[in-house]
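# make a model of this:
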Amino acid sequence: MKNVIFFDGNFLELEKAKVSLSEPAFLYGWSVFETMRAYRKKIVYFRMHLERIKRSSSYLSLNFSYSFKEIEKIIFKLIDLNKMKDVCVRLTLFKNLKERTSIFIWIRPYQAYSDLQYLKGFRADVSEFRVNKNSFLANLKSGNYLLYQLSYQQAKRRGFDEAVILNSDGYIAEASRSNVFFVKENKIFTPSLECGCLEGITRQVVMDIAKKHNLKVKKGSYTLDDLLKADEAFLTNSLMGIMPLVYIGKHRIGKSKFNLTHFLLKEYDYLLKYDK
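Numbers count the residues shown, from 1 in each chain. Model prediction:
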């Protein structure tokens, strides 16, 4: 079946979409993007995603010219045209040759993680690469994504699921495609934005859940040793939600059953099913 996309005002087959190799997006990574999940006739945390890409695009002189309602209609039309139900949505804005902004929306079937994966949790490597915490790009979901891709590919080659990335000062920033949290004495810790991490959508949802249940969340600068000595740890992003982080290299995190992590995971799953 042909994959229909939306590109600069037109619905067309992916194979027929063409851009020049001299596009600024290709030459310089001049773009921003969002990855979302859409199912049960809703786009998960849609407004939060679009507000973030709108903020990000303004930093890179990209024009976000569509209304949120127009983007929503385009996504649901793509779902109908591709005859899909549960999908991953990739929305990209990029600088084109005419110094204008192009838009590209692509969907693919959502590949859910298994219950066993959430039970076993992830094993993470520590990346050899470092985030420059002083770069404004560190807080943007931009097409300048090589550091994160290299970190992830390196971790996969070594047999891990993810890569924890430190910043230029040696503190934890984030993982290659997720935010990092850890638990110590029933308190939740996560790197602050000043450490060079992305302001993740699921990161914020977790903090909202914690506040609702009177759980303390502390944002700050934390070392790898802080993570290794934690009672629990977990990763968050918009496609996997909340994933227990059980190993850093060969070191197992904590000795508990990750009770708080699984509580947050259940609360998050409840919001996906019932929150409007």
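# from now on I want contacts and neighbour counts done on CA atoms only, so please keep to that.
OK.
# which residue ranges of the stretch 1-150 of the chain form strands?
Taking DSSP state E, counting those that start in this stretch as the criterion, the stretch 1-150 of the chain carries its strands at 4-7, 10-13, 31-39, 42-43, 87-95, 101-109, 122-131.
# list the strands paired with the fifth one, with their directions.
Just to be clear, that refers to strand 87-95. strand 31-39 (antiparallel), strand 101-109 (antiparallel) (DSSP bridges).
# quick check: which of the strands of the stretch 1-150 of the chain is nearest to Asp269?
strand 31-39 (13.2 Å; Cα to Cα).
# run the chain-centre distance for the closest one.
9 Å (Cα atoms, centre = their mean, to the nearest Å).
# that older thread, in CSV, list the strands of the stretch 1-150 of the chain along with mean neighbour count.
Below are the strands of the stretch 1-150 of the chain laid out as CSV (neighbours: other Cα atoms under 10 Å):
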stretch, mean neighbour count
strand 4-7, 22
strand 10-13, 14
strand 31-39, 21
strand 42-43, 17
strand 87-95, 22
strand 101-109, 20
strand 122-131, 20
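# out of those strands, the one nearest Glu185 is which?
Nearest of the strands of the stretch 1-150 of the chain (Cα to Cα): strand 122-131, 21.4 Å.
# in CSV: the strands of the stretch 1-150 of the chain, plus mean pLDDT and distance to Ser168.
Shown next, in CSV, are the strands of the stretch 1-150 of the chain (pLDDT from 0 to 100; distance: least, Cα to Cα, whole Å):
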stretch, mean pLDDT, distance to Ser168
strand 4-7, 98, 37
strand 10-13, 96, 42
strand 31-39, 97, 23
strand 42-43, 95, 35
strand 87-95, 98, 28
strand 101-109, 97, 32
strand 122-131, 98, 6
